[in-house]
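Asks: When you get a sec, could you give me coordinates for this:
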Amino acid sequence: MIQFIIPGKVQAQERPRFSRAGKGVKTHDAPKSKNYKEFVKLIAMQNKPQEPLHGALRLEVDIYVMPPKKYHTKPKLRLIDCGELRPVTKPDTDNLVKGIKDGMNGIIWGDDAQIVELVARKWYSMEPRAEIKVQQISICMEIK
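Replies: Down below sits the predicted model:
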């Protein structure tokens with residue numbers, strides 16, 4: 001199992017940008033998304049296996065976001081600490097995970113298509129970060 005933490009605020013994947021390229025149209029990442037993916041790559045490089053993982057993978061991502069200022073009261077902070085108060089606002093959990101997955105492509109695994117199990121959770125914390133767990137799954141196939 002590979003485990004590591006990506007410190008700081010998790011950047012949601014933004015919509016792609018478009019520009020003209022001659023007669024065609026070229027797409028590219030928005031600057032914030034591109035910068036975040038590069039940051040994730042740096043962290044992944046520090047935690048990479050000797051070679052990218054092969055086969056089916058399980059990815060667990062726990063995303064910790066700062067609570068809004070109105071939640072900085074003692075009763076709300078107690079609810080946050082015990083996990084009863086969770087972020088149900090934008091950005092969507094799947095958009096937060098996309099940038100993380102893209103940043104780890106070719107480093108932790110060959111391609112994110114290898115992820116056959118995905119668990120993603122959003123939590124409140126005064127310390128924003130993403131906690132990553134990647135595990136290879138052995139899938140038994142019976143040949144008759």
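
Asks: okay but Pro91 is in contact with Ala12, surely?
Replies: Yes. Using Cβ atoms under 8 Å, Pro91 makes contact with Ala12 at a distance of 3.5 Å. All C-beta atoms are positioned from the backbone trio N, CA, C, and that covers glycine.

Asks: Neighbour count: the two, which is higher?
Replies: Ranked by neighbour count (other Cβ atoms under 10 Å), Pro91 and Ala12 place Ala12 first, with 19 against 16.

Asks: what's the helix or strand for that one?
Replies: Here Ala12, judged by DSSP states H and E, is contained in no helix and no strand.

Asks: Could you pull out the strands in this structure for me?
Replies: Under the criterion DSSP state E, strands of the chain are mapped to 2-7, 17-21, 24-28, 57-65, 115-124, 129-136.

Asks: Ok, which of these comes nearest Gly103?
Replies: strand 2-7 (8.4 Å; Cβ to Cβ).

Asks: List the residue ranges of this protein that fall below the pLDDT cut-off.
Replies: Scanning the chain for pLDDT under 70 picks out the ranges 139-144.

Asks: again, 90 this time
Replies: 13-31, 70-72, 138-144 (pLDDT under 90).

Asks: in the longest helix belonging to the chain, what counts as buried?
Replies: Across the chain, the helix with the greatest residue count (assigned by DSSP state H) is helix 31-46. Buried residues in helix 31-46, counted by 16 or more other Cβ atoms under 10 Å: 33-34, 36-37, 39-41, 43-44.

Asks: which residue sits closest to Glu38 in space, ignoring its chain neighbours?
Replies: Nearest residue to Glu38, sequence neighbours excluded (Cβ to Cβ, 6 or more residues apart in numbering): Gly103, at 7.4 Å.

Asks: Kind regards, and thank you for your time.
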